[in-house]
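Asks: how would this look folded up:
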Amino acid sequence: MRGRALGPGRLYRRGDQWALDWRDATGRRQHRSLSHDRRTAERIRSELIHKRDLERAGLGIEAGQETPLAELVASYIEDLRPRVCPRHHELVEARLTRLLAKLGPVRVQDLKPMLVTRARNEFAAAGAAPRTANLMIDSLGACLRWAARNELIAKNPIANVERLPDGPAHATRRRRPLTDDESARLLAAIDADDHRLAMAAEVDGRVRVPQAPFLRFLVTLGTRYGETRLIAWSAVDFERRTIVLRAETTKSRKQRVIPLNDELIAMLRALQALQARALGRVPRAEDLVFLTAHARPWCEPSNNIRRIFDRVLRRAGIRRVDPDGTSVDLHALRGTAATRWARRGVPISIAQRMLGHSDVRTTAAHYIRVEVEDLRVALEGAPAAARRSESA
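Replies: Now for the predicted structure:
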């Protein structure tokens, strides 16, 4: 076989992927899935055949190592597109684009661990959170592992790069949950804000979609903004009193069915009726439950919802950032919901299922906080309980 040309192999469709049938440097026949996208598969085939021919010429160690990193990243991004949700693909592409700009026009063979470590440290020094800096390196590592699996490069050259400490003690932005009193003030403030703006819209002959249901939903159920904004009316079951978060909209890529209480059911029915007025028709099954004040879908991300939230915080007399550096934002409402459940004795396993965490330790570490006043109540109640026990 070594004296004969082996040819470029045959690219063919196998299920939802393009696969390659070719002979390797030893003459053995190989079959491998390359990509969902034909152009990406063609590029990978060209690189595989080039590497094989170099190996046959005794230059296999050089195969792939001369590839520009930007070219390798472009192939990875294209192959990643059909395998992840659009938001994840967008985030990975943005991270790698920033990292490539920092590294410059480097080839794989020049990609040393210290070069990547220096770039990561520069991001951190410029104000990026340790977790953000780590995620950039994680994305590049995933790209290089993908290239190694597809035999585009010999190995991942940054496999031994250590991560920056990025636990809670090293976070640059620390969120805090709202207290029960703050939650009540927040909800009262958004109701008042809706009422004021609805009256102004009515004077102009317009129907304004209220935003209180959106924030009340986040505070009560602890759902994420991104998955909540994509809930359609088809996901709401008024008879069973449940709402379904579809797998393609959740961060974990797993479907969640969440129960609704009487207050939320009444709120959604009222919202549905009001949307019918704003849209000029009955909302369809595919229409979204939560819309902007002008009856349009919320974007991801959106500064408008942040402006509304900040305005309501000011009306409620709640600090956006406390003197100790802890902050309250939309995502902090997840922690607020979980903390309220904890105060009411809801088992952490139930909170985990409601929040959609794959590991209960995430729920415990990031979302449930027992405040000093909760400890005070427990402490002051202990002597009375002890006396009752002795008298019995």
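Asks: Can you give me the pLDDT of the residue nearest in space to the middle of the chain?
Replies: Central residue of the chain (C-alpha atoms, centre = their mean): K251, 5.0 Å from the mean position. On pLDDT, K251 comes in at 81.
Asks: ok, how many other residues are close to the nearest residue to it once chain neighbours are set aside?
Replies: Nearest residue to K251, sequence neighbours excluded (C-beta to C-beta, 6 or more residues apart in numbering): R224, at 6.5 Å. For every residue, glycine as well, the C-beta is placed using N, CA and C. R224 is flanked by 18 other residues according to other C-beta atoms under 10 Å.
Asks: what residues are up against R224?
Replies: R224 makes contact with T250, K251, H331, R334 under the criterion C-beta atoms under 8 Å, 6 or more residues apart in numbering.
Asks: wait, doesn't the residue nearest to the centre of the chain sit right on G356?
Replies: Yes - look at K251 against G356 with C-beta atoms under 8 Å: they come within range, at 6.9 Å.
Asks: just the contacts of R224 now: which is nearest E78?
Replies: Nearest to E78 among the contacts of R224 is K251, at 23.2 Å by C-beta to C-beta.
Asks: What does that closest one show for phi and psi?
Replies: Main-chain torsions, K251, degrees, to the nearest 10: phi -70, psi -40.
Asks: before we move on, the earlier item: of the contacts of R224, buried ones?
Replies: Buried by 16 or more other C-beta atoms under 10 Å: T250, R334, out of the contacts of R224.
Asks: Check the contacts of R224 and tell me the two furthest apart.
Replies: Largest pairwise distance in those, by C-beta to C-beta, is 14.8 Å, between T250 and H331.
Asks: which stretches of the protein form strands?
Replies: Counting by DSSP state E, the chain has strands at residues 10-14, 17-23, 29-35, 174-175, 236-237, 242-245, 256-259, 326-327.
Asks: looking at these, which is closest to A273?
Replies: Nearest to A273, of the strands of the chain and by C-beta to C-beta, is strand 236-237 at 13.5 Å.
Asks: pLDDT of the closest one, averaged?
Replies: For strand 236-237, mean pLDDT rounds to 96.
Asks: ok, and what's touching that strand?
Replies: Contact with strand 236-237 is made by I243, V244, L260, L268, V289, as judged by C-beta under 8 Å, 6+ apart.
Asks: Among the residues you listed, find me the one that's closest to R120.
Replies: Using C-beta to C-beta, those come closest to R120 at V244, 39.7 Å.
Asks: shouldn't the closest one be in contact with Q255?
Replies: Yes - under the criterion of C-beta under 8 Å, V244 makes contact with Q255 at 6.5 Å.
Asks: Show me the shaky parts of the stretch 51-200 of the chain.
Replies: Counting by pLDDT under 70, the ranges of the stretch 51-200 of the chain that qualify are 57-64, 167-173.
Asks: and the residue lying closest to T40 once chain neighbours are set aside, how many neighbours does it have?
Replies: Nearest-residue entry for T40: E78, 4.5 Å, with adjacent residues in sequence omitted and distances by C-beta to C-beta, 6+ apart. Residues near E78, counting by other C-beta under 10 Å, number 19.
Asks: Who are the contact partners of E78?
Replies: E78 neighbours (C-beta under 8 Å, 6+ apart): S35, D37, R39, T40.
Asks: Hmm, W18 and the first one touching each other?
Replies: Yes - with contact defined as C-beta under 8 Å, S35 reaches W18; the gap is 5.8 Å.
Asks: Report all helices and strands that the longest helix along the chain contacts.
Replies: The residue-count maximum for a helix in the chain (DSSP state H) belongs to helix 180-203. Contact analysis of helix 180-203 by 3 or more C-beta pairs under 8 Å, 6 or more residues apart in numbering; DSSP states H and E lists helix 212-221, helix 303-316, helix 332-343 as its packing neighbours.
Asks: for L72, what are its contacts?
Replies: Taking C-beta under 8 Å, 6+ apart, we find L72 in contact with V108, C143, L144, A147, L152, I153.
Asks: Kindly apply the preceding question to A189 instead.
Replies: Neighbouring residues of A189 by C-beta under 8 Å, 6+ apart: V312, L313, R315, A316.
Asks: what's the answer for L221, then?
Replies: I258, L264, A337, M354.
Asks: The residues you listed into a markdown table, with extra columns for neighbour count and pLDDT?
Replies: Compiled in a markdown table, the contacts of L221 are given as follows (neighbours: other C-beta atoms under 10 Å; pLDDT from 0 to 100):
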| residue | neighbour count | pLDDT |
| --- | --- | --- |
| I258 | 19 | 94 |
| L264 | 19 | 95 |
| A337 | 24 | 92 |
| M354 | 20 | 92 |
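Asks: Output those residues in a markdown table, with distance to D24 appended to each entry.
Replies: Conversion of those to a markdown table gives the following (distance: C-beta to C-beta, whole Å):
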| residue | distance to D24 |
| --- | --- |
| I258 | 51 |
| L264 | 60 |
| A337 | 55 |
| M354 | 51 |
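Asks: Which parts of the stretch 1-150 of the chain are helices?
Replies: All helices of the stretch 1-150 of the chain, identified by DSSP state H, counting those that start in this stretch, fall at 38-56, 69-80, 86-103, 113-125, 130-149.
Asks: Show me the beta-bridge partners of the nearest residue to V321 once chain neighbours are set aside.
Replies: Nearest non-adjacent residue to V321, counting by C-beta to C-beta, 6+ apart: S327, 4.7 Å away. With DSSP bridges as the criterion, S327 is bridged to R175, V321.
Asks: Correct me if wrong: S327 contacts F309.
Replies: No - S327 is beyond contact range of F309, at 11.7 Å (criterion: C-beta under 8 Å).
Asks: When the two are compared, which one has more neighbours?
Replies: Shown here are S327 and F309; by other C-beta under 10 Å, F309 has more neighbours (23 against 14).
Asks: who's in contact with the more buried one?
Replies: By C-beta under 8 Å, 6+ apart, the residues touching F309 are L215, D329, L330.
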